[in-house]
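Enquirer: Next one to model:
(one chain, ligands or ions: 1)
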Amino acid sequence: MITRFAPSPTGYLHLGHACSAHEVWRIGREVGAQVLLRIEDVDRERCKPQFEHAIYDDLHWLGFDRPRPVRRQSDHVADYDASLQALAAHGLVYPCSCTRGQIAAHDPVLGWDGYVHPGTCRARAMTDRRPGDAIRLNLASALDVIGTPPAFTETGLLHAGTHQPDPNDLLTQIGDPVLWRKTDDPAYHLACPHDDAAQGITHVTRGADLWRATFLHVVIQAVMGWPTPTYHHHGLVRDESGQRLAKIDRSRALASYRAEGLTPQDIWRLVGVRPTAPFTAS
Ligand code: GLU
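Expert: Next comes the predicted model:
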C-alpha cells in the first residue's frame with residue numbers, strides 16, 4: 001500500500017494544505033500505506049524553489065515525515081514526454097493553438113472545470129506541431145480504444161462508493177484535455193496519473209476540487225495501461241463549532257503562523273483537527 005501527498009510549489013502552504021496533509025497521513029496510517037511526498041513542479045512559470053523548501057519545512061514542523069528521496073516532477077519530464085509519444089503513436093493526441101478567446105468565440109459549453117474545448121484543432125496531425133502549441137488528448141478516440149472506462153472506488157464521505165465514468169458525460173463535461181502545455185511543459189492531467197502509476201500509488205487522497213479530474217484520470221490510466229488506485233476526496237474542513245474553514249484566513253502561510261510563535265497544536269486547534277501525530281515515515 002502506497003499513498004502520496006502531492007503539493008505544487010506555487011505558493012506557501014496554508015491551513016487547507018495542513019488539513020489535506022493530515023488526511024493523507026491519517027488515511028495512510030489507517031490502511032497501512034507508506035506515504036510518499038511528490039513535488040508537482042512541472043509549471044515552470046509558477047513553481048519556485050523557495051516554495052518547495054518551505055513545503056519541506058512546514059511538513060517537518062507539522063510532524064509529517066516521509067522517505068527520501070522525494071520525487072520532483074521536473075526531474076522526470078522525459079518520462080512524461082515518452083507517454084505523450086506513446087499516445088501520439090496511436091493517433092490519440094493533437095496539437096492545438098486555440099487561445100482562450102478563440103475557444104470562447106465558439107460558444108463553448110461550460111463543463112465541470114471551465115469551458116469545454118470545441119475540438120476545433122482535432123484534425124491536426126502531430127507532425128504539424130508548432131512551437132507554442134498545446135497538445136490535447138482526443139478523448140473520443142481514447143474512449144473508443146478503451147471501450148468502457150474503468151470503475152473506481154471512492155472512500156471519501158461526499159461520494160463514497162463505486163463510480164464508473166459515463167463516456168457521454170466525459171465528452172460533454174470535460175472534452176479534450178490539455179496533456180502538454182503551450183509553455184512546453186507537461187500538464188497535470190498527464191504527469192499526475194503517470195506518477196501515480198510510476199510510484200505504485202494504491203491510494204490517492206486529495207481535495208474535493210479534484211473529484212471530477214478523477215473521471216478523466218481513470219480514462220488516461222486505462223489508455224496507458226496503468227492501474228487505477230482507490231480514491232478519497234476530502235471535503236471542506238470545518239472548525240469545532242461547525243464553521244467552514246473559509247471563515248479563517250485560509251490563504252495565510254503556515255510559515256507566518258510559525259513565525260508568530262504558534263505551535264502545530266495551535267494549527268490543529270485552529271482548523272478543528274485532532275491529530276494523532278507523530279506521522280513518521282514507514
Ligand atoms: N498538485 C495538486 C495540488 O497541489 C494536487 C494533485 C493531486 O493530489 O492529485 O493541488
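Enquirer: pLDDT wise, what is the residue nearest the centre of the chain at?
Expert: Centroid-nearest residue in the chain, with Cα atoms, centre = their mean: C192, separated by 5.8 Å. Model confidence at C192, given as pLDDT, is 98.
Enquirer: same thing with A281?
Expert: 51.
Enquirer: Touching, the residue nearest to the centre of the chain and H217? I think so.
Expert: Yes: C192 is within contact range of H217, at 6.7 Å (criterion: Cβ atoms under 8 Å). C-beta: built from backbone N, CA, C; applies to glycine.
Enquirer: Report all helices and strands that the longest helix belonging to the chain contacts.
Expert: Longest helix of the chain, by residue count under DSSP state H: helix 15-31. Helices and strands touching helix 15-31, by 3 or more Cβ pairs under 8 Å, 6 or more residues apart in numbering; DSSP states H and E, are strand 2-5, strand 34-39, helix 49-62, strand 203-207, strand 230-234, helix 254-259, helix 264-271.
Enquirer: relative to helix 264-271, how tilted is the third one?
Expert: Yep, that's helix 49-62 we're talking about. 100 degrees (axes from the mean of the first three to the mean of the last three Cα atoms, to 10 degrees).
Enquirer: How about the helix or strand following helix 49-62 and the ligand, touching?
Expert: Counting by DSSP states H and E, the next helix or strand C-terminal to helix 49-62 is strand 71-72. No: remark: strand 71-72 sits outside contact range of the ligand, by Cβ under 6 Å from any ligand atom, the gap being at least 12.2 Å.
Enquirer: what's near enough to touch G161?
Expert: Listed by Cβ atoms under 8 Å, 6 or more residues apart in numbering, the contact set of G161 reads 153-154.
Enquirer: now the chain, which segments are flagged as low pLDDT?
Expert: Residue ranges of the chain with pLDDT under 70: 236-250, 276-282.
Enquirer: Please list the residues of it that sit near the ligand.
Expert: Residues of the chain lying near the ligand (Cβ under 6 Å from any ligand atom): 6-8, 40, 192, 206, 210.
Enquirer: Return the member of these nearest to A160.
Expert: Within these, distances to A160 taken as Cβ to Cβ reach their minimum at R206, with 15.4 Å.
Enquirer: What's the local residue count around the residue in the stretch 151-282 of the chain that the ligand sits nearest to?
Expert: Ranked by Cβ to the nearest ligand atom, the top residue of the stretch 151-282 of the chain for proximity to the ligand is R206, at 3.5 Å. Residues near R206, counting by other Cβ atoms under 10 Å, number 21.
Enquirer: Provide a list of residues in contact with it.
Expert: Each residue near R206 by Cβ under 8 Å, 6+ apart is listed here: 6, 20, 24, 231-234.
Enquirer: List the beta-bridge partners for it.
Expert: H233 (DSSP bridges).
Enquirer: before we move on, back to that, out of the helices and strands packed on helix 15-31, which is closest to P150?
Expert: Taking these one by one with Cβ to Cβ, strand 230-234 is closest: 11.9 Å.
Enquirer: Can you name the residues in contact with that closest one?
Expert: 19-20, 23, 27, 152-156, 158-159, 202-208, 210-211, 214.
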